[in-house]
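**Q** from the sequence below, what's the structure:
(2 chains)
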Amino acid sequence: MDRDAFLGRIRARVGAVGRTDVPAALPRTMVSGDGRMTERFAAELDAVGGECRRTAASGLTEAVASVASGLTTAVVQNDLGAYREDVVTGLRDAGCRALDADREAAATADLGITSALLGVASTGSVLLSSASGPRPTGLLPPAHLVILDEDAIVPGFEELMTELGRLAREASHLVLITGPSRTSDIEMTTVRGVHGPERVIVLVVG
Amino acid sequence: MTPQRSTFAERAAQQIATPSVGRAIAHAMDVRAGRTAHVFDGADLPTMRAAAAAIRDHTLASLPEYLERFAANAESRGTSVFLAADSEEATGYIRRLVRERGAGSIVKGKSMVTEEIDLNAALAADGIEVVETDLGEYIVQLAGERPAHITVPAVHRSRGEIRELFERVHGVSLPDDAEALTHFARGVLRERFLVADVGITGVNFAVAETGSLVVVENEGNVRMSASLPRVHVAVMGIERIVPSFRELAVLLPLLTGSATGQRVTGAVNVISGPRGSETDGPEELHVVIVDNGRSAILGTELAPVLRCIRCGACQNVCPVFRQVGGHAYGGVYGGPIGAVLTPLLEGIDDLPHASSLCAACTQACPVEIPLHEQLLALRRRYARERAGLGERLAFRLWGWAWSSPRRYAWTARLGRIAQLPLARHGRIRRAPFPFSRWTDARDLPPLAARSFRERWRSGGGS
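**A** So this is what the prediction gives:
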């Protein structure tokens, strides 16, 4: 339908409706921050079936090697900044082959490794960005390792939403990940690893 | 949708005659009740709900402005926005797009509005197969059914039935186990994701300030559908709009908490355009905004129904839904929200009677839609438009009789005599027309030998 006609029809209906304002102050919710940061992030992620591990920057190689131990291949997002070298070294130490991130590699790899723009303490969530590298890296492999800077953890959803208002302008697809892919569609039984990763491990570096 | 010839009562009777349906739904509703019980701990839920209702009302009152802003911001990022007045325009646009792009394979995420416009059937008419990728939707698609619940589409099916379905369709042998069945479906659908030309998804919120789409999910199929195919088509009703991300700090946890008892779902997608200069992702993003009868509800006493965020909380608490399931409602939306929306959008007008008016739905609604009052309003509308002269006269007579204490007492005395041949063992199971309309499906307790007033006057005792 012609845009003016479409909107005109709606305009004619709402014409008589009194305008109201959005509340100036919005109430706190169960996903608001409470001051606790990394400790809460880890607890909340654990509660939804994810895994949180903490390391100092100097221990990154070892931490990655421990996650990759026993795995054959891993796709690694290019844009891991200063951490990329340590990540690749960690994979090598574990005997896990590092592959450049593309769709074909991701479709067969055992592990995908990506960065995250931020973490949310109140829910144990991480925010991935399509601007940081190919989307299949954190999606197709059965396990997803997220490298998260401890400084990038925000307290709760209010702070997350402020960030999204800005970040949505800089990437075509942001996705807030909270634990592994899961479903309860068959008799309400929770099963992990439906279409996305069965394991989500967040390595908090700080 | 094809017009429904049967009545709600007939469809409900059919569902009740299949006891496995009732058992499966009751089980699911009980599990859901357990999961949602504590999800809002730490929040002041009434305040959250009041704020959410205010946000929704504000947005609806300024809908044309917000739709314009959304479209302008989305288009500035390279998204194509199409405004569809009705189902035909919406499906017509998508059919044309699919044809022009030469798409042969389509994957789809869960979306109620695409059920409403009957998109799969429209594409099937062109020989295009759409594969539902949400596990529950995939199950009902294989079974040739519609979703029986907003958030749990295959709620009416046991895992044994699902195993038999998968075995029959795919010619395999599977164990009777939810995990094995889920992982089998993962394997089948993974192949489809990797070859699909077009991905279709719904939308939970459309953010006007940035032209972004917010889509919640747990399985990862929306991420797949919006990431892997060359073209992404997102379909939404006009009322999905929110002004900015700020409001989602309340609306998003209210949706996920009410829908699945989760503080946040496994994934929340924020889609703001096609890939642009990024190395992968869809080359094209099309947003189809569907009116299909919604604008006619604006400005009426029923307008608050457009606050709905499609959480399904009203279905979970409804005693009628628990007995009959979503299919009895005959439309796309079942339960109390369906009993209000379906008459308005699809014209099935006997649904407002599918309620005991217990108001559990109104209490459960996270955006404060007065559902039971709306059902009453629709019953009034139904009575005005559909009730015959005899029925009107009978109710007027009844109203006249019971508006005076003396006449009321007199009808009770008359009733006590009239019921003499009908009452057996303290129940009335059968009565002549028009009372048979009641006793066909329900028993009636007989009137007591003496009324409360009579006992009171005679100083108590029986």
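
**Q** do a quick rundown of the strands in chain A.
**A** Secondary structure of chain A by DSSP state E: the strands cover A:51-55, A:73-76, A:97-100, A:111-115, A:118-120, A:125-129, A:143-149, A:153-154, A:173-177, A:182-183, A:191-192, A:199-205.

**Q** can I get these in a markdown table including mean pLDDT, distance to B:Ser158 and mean neighbour count?
**A** The way it works is simple: take the backbone N, C-alpha and C, and place the C-beta from them, glycine included. A markdown table is the format used below for the strands of chain A (pLDDT from 0 to 100; distance: least, CB to CB, whole Å; neighbours: other CB atoms under 10 Å in any protein chain shown):
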| stretch | mean pLDDT | distance to B:Ser158 | mean neighbour count |
| --- | --- | --- | --- |
| strand A:51-55 | 98 | 33 | 18 |
| strand A:73-76 | 98 | 39 | 25 |
| strand A:97-100 | 96 | 42 | 17 |
| strand A:111-115 | 98 | 35 | 27 |
| strand A:118-120 | 98 | 37 | 24 |
| strand A:125-129 | 98 | 34 | 27 |
| strand A:143-149 | 98 | 32 | 23 |
| strand A:153-154 | 98 | 43 | 22 |
| strand A:173-177 | 98 | 31 | 27 |
| strand A:182-183 | 94 | 16 | 24 |
| strand A:191-192 | 94 | 16 | 21 |
| strand A:199-205 | 98 | 29 | 23 |
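
**Q** can I get these in TSV including distance to B:Ser227?
**A** As requested, these are arranged in TSV below (distance: least, CB to CB, whole Å):
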stretch	distance to B:Ser227
strand A:51-55	24
strand A:73-76	15
strand A:97-100	18
strand A:111-115	13
strand A:118-120	20
strand A:125-129	11
strand A:143-149	14
strand A:153-154	25
strand A:173-177	7
strand A:182-183	19
strand A:191-192	20
strand A:199-205	17
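
**Q** what's the closest of the ones you listed to B:Ala449?
**A** strand A:182-183 (57.6 Å; CB to CB).

**Q** I'd like to know which elements that closest one is packed against.
**A** strand A:191-192 (3 or more CB pairs under 8 Å, 6 or more residues apart in numbering or on different chains; DSSP states H and E).

**Q** could you point out which of the strands of chain A sits nearest B:Glu137?
**A** strand A:182-183 (11.0 Å).

**Q** how far away from the center of its chain is that closest one?
**A** 16 Å (CA atoms, centre = their mean, to the nearest Å).

**Q** so which of the strands of chain A gets nearest B:Arg56?
**A** strand A:173-177 (22.2 Å).

**Q** how about the closest one and chain B, any contact?
**A** Yes. Part of strand A:173-177 sits near chain B under the criterion CB under 8 Å from any CB of the partner chain, namely A:His173, A:Leu174, A:Val175, A:Leu176, A:Ile177.

**Q** skip the chain neighbours and tell me the closest residue to B:Gly220.
**A** A:Gly196 (2.6 Å; CB to CB, 6 or more residues apart in numbering or on different chains).

**Q** ok, residue 89 - contacts?
**A** I'll assume chain A. Applying CB atoms under 8 Å, 6 or more residues apart in numbering or on different chains to A:Thr89 gives the contacts A:Thr61, A:Val64.

**Q** ah, I was thinking of chain B
**A** A:Met1.

**Q** next, work out how far apart it and B:Ala249 are.
**A** Note on B:Glu89: its distance to B:Ala249, by CB to CB, to the nearest Å, is 34 Å.

**Q** cool, A:Ala5 as well?
**A** 35 Å.

**Q** excluding residues flanking it in the chain, which one is nearest the spatially most central residue of chain B?
**A** Nearest residue to the geometric centre of chain B (CA atoms, centre = their mean): B:Tyr333, 3.2 Å. Sequence neighbours aside, B:Leu341 is the residue nearest to B:Tyr333 in space, at 5.0 Å (criterion: CB to CB, 6+ apart).

**Q** the nearest residue to B:Glu145 once chain neighbours are set aside: neighbouring residues, count only.
**A** Residue nearest to B:Glu145 in three dimensions, not counting chain neighbours: B:His327, with 7.1 Å by CB to CB, 6+ apart. For B:His327, the count of nearby residues is 21 (other CB atoms under 10 Å in any protein chain shown).

**Q** cool, and B:Leu447?
**A** A count of nearby residues for B:Leu447, using other CB under 10 Å, gives 18.

**Q** still on that earlier bit, check contacts around the residue nearest to B:Gly220.
**A** Contacts of A:Gly196 by CB under 8 Å, 6+ apart are A:Leu139, A:His144, A:Pro180, A:Ser181, B:Glu219, B:Gly220, B:Arg223, B:Met224, B:Gly266, B:Ala267.

**Q** inside helices: which ones of the residues you listed?
**A** In helices, defined here by DSSP state H, the members of those are B:Arg223, B:Met224.

**Q** in the sheet, who's paired with the closest residue to A:Pro141 other than its chain neighbours?
**A** Nearest-residue entry for A:Pro141: A:Gly112, 4.2 Å, with adjacent residues in sequence omitted and distances by CB to CB, 6+ apart. Beta bridges link A:Gly112 to A:Val75, A:His144 when assigned by DSSP bridges.

**Q** and A:Gly112, how far from B:Ile241?
**A** To B:Ile241, A:Gly112 is 34 Å away according to CB to CB.

**Q** then A:Thr190?
**A** Applying CB to CB, the value for A:Thr190 to B:Ile241 is 33 Å.

**Q** more crowded one of those two?
**A** B:Ile241 (23 against 16).

**Q** quick one: contacts for that one?
**A** Per CB under 8 Å, 6+ apart, neighbours of B:Ile241: B:Thr59, B:Leu63, B:Tyr66, B:Leu67, B:Phe70, B:Phe205, B:Ala206, B:Ala208.

**Q** now, the residues you listed that are in strands?
**A** Those of these lying in strands (DSSP E): B:Phe205, B:Ala206.

**Q** so which of the contacts of B:Ile241 are also by chain A?
**A** Within the contacts of B:Ile241, those near chain A by CB under 8 Å from any CB are B:Leu63, B:Leu67.

**Q** nearest to chain A among the contacts of B:Ile241?
**A** For those, the closest approach to chain A (CB to the nearest CB) belongs to B:Leu63, at 5.5 Å.

**Q** and that closest one, how many residues sit next to it?
**A** Using other CB under 10 Å, B:Leu63 has 23 neighbouring residues.

**Q** let me know the pLDDT of B:Met1.
**A** Per-residue confidence at B:Met1 stands at 42 (pLDDT).

**Q** near chain A, which residues of the stretch 251-400 of chain B are found?
**A** Residues of the stretch 251-400 of chain B lying close to chain A (CB under 8 Å from any CB) are B:252-254, B:257, B:260, B:263-276, B:278-281, B:285, B:291, B:295-296, B:298-299, B:303.

**Q** for PyMOL, what selects the buried ones among those residues?
**A** Applying 16 or more other CB atoms under 10 Å in any protein chain shown to those, the buried members can be selected in PyMOL as follows:
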select buried, chain B and resi 252+253+254+257+260+263+264+265+266+267+268+269+270+271+272+273+274+275+278+280+281+285+291+295+298+299+303
